[in-house]
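Peer 1: What shape does this take:
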Amino acid sequence: MPIHVPPVVAQRARGDLLKQVMQYGKDGQRGQREGSHPGRRDATAIDWAGSAHPANRSLDGFPIYCPSIILLLAISIFPLIWSVYLSFTRYRVTGTLAPHWVGLENYRTILTENDLYDNWHQFQVTAVIVGSAVGLEFLLGFGLALLLVRQFPDVAPSSR
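Peer 2: Next up is the predicted model:
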């Protein structure tokens with residue numbers, strides 16, 4: 001019956017035990033255990049923790065990375081799907097009516113409309129907004145990165 005050990009403790013213990021087994025085997029030869037194939041590292045010494053096989057460890061970090069996946073879906077994937085949905089509806093941001101489904105009519109109108117100047121102007125306005133947003137985000141991100149990479153006077157230097 002396997003012993004239940006918290007994943008962090010088990011991982012550290014497995015790593016330490018595996019290092020000992022690989023460095024100082026029973027027969028004194030470095031990198032081999034007694035009875036193992038020469039040149040092959042035997043991982044049976046870590047079976048005591050109950051998760052020596054990759055299938056048992058596949059969901060070990062799920063509670064840790066689950067919030068970041070939810071945040072990624074909420075911030076980037078949902079708005080993308082919502083904007084594609086709105087492209088098939090008649091909807092005004094300033095209006096009070098709910099979106100009304102029109103199918104491909106919006107795409108037909110934009111491609112067959114004779115007033116090319118109006119379409120080009122809308123494209124230019126969109127390009128200015130996108131360019132400004134991307135530029136501002138880049139400057140903010142780069143500035144924060146430069147600020148955080150500096151050594152602060154009250155903080156001990158890192159081991160880099």
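
Peer 1: Now do whichever strand or helix holds residue 138, average pLDDT.
Peer 2: In this assignment (DSSP states H and E), residue 138 forms part of helix 116-149. In this model, helix 116-149 carries a mean pLDDT of 91.

Peer 1: residues of that helix that come out buried?
Peer 2: The neighbour-count check on helix 116-149 (16 or more other CB atoms under 10 Å) flags nothing as buried. C-beta here means a position set from N, CA and C on the backbone, and glycine is covered the same way.

Peer 1: Domain map for this protein?
Peer 2: When the chain is parsed with automatic domain parsing, its domains come out as 7-57, 61-112, 116-150.

Peer 1: Lowest average pLDDT across those domains?
Peer 2: Looking over these, mean pLDDT reaches its minimum on domain 7-57, with a mean of 52.

Peer 1: which non-adjacent residue is nearest residue 98?
Peer 2: Taking CB to CB, 6 or more residues apart in numbering, and ignoring the residues beside it in sequence, residue 98 has residue 91 as its nearest neighbour in space, at 7.9 Å.

Peer 1: Double-check the one you found against residue 101; I have them as touching.
Peer 2: No. Between residue 91 and residue 101 no contact is recorded; they are 9.9 Å apart, counting by CB atoms under 8 Å.

Peer 1: neighbour-wise, which of these two wins?
Peer 2: In this comparison of residue 91 against residue 101, neighbours counted by other CB atoms under 10 Å, the higher total goes to residue 91 at 16 against 10.

Peer 1: who are the neighbours in contact with that one?
Peer 2: Remark: with contacts taken as CB atoms under 8 Å, 6 or more residues apart in numbering, residue 91 is in contact with 97, 98, 99, 100.

Peer 1: redo that, cut-off 10 Å
Peer 2: Under the criterion of CB atoms under 10 Å, 6 or more residues apart in numbering, the contact list for residue 91 reads 85, 97, 98, 99, 100, 101, 102, 106.
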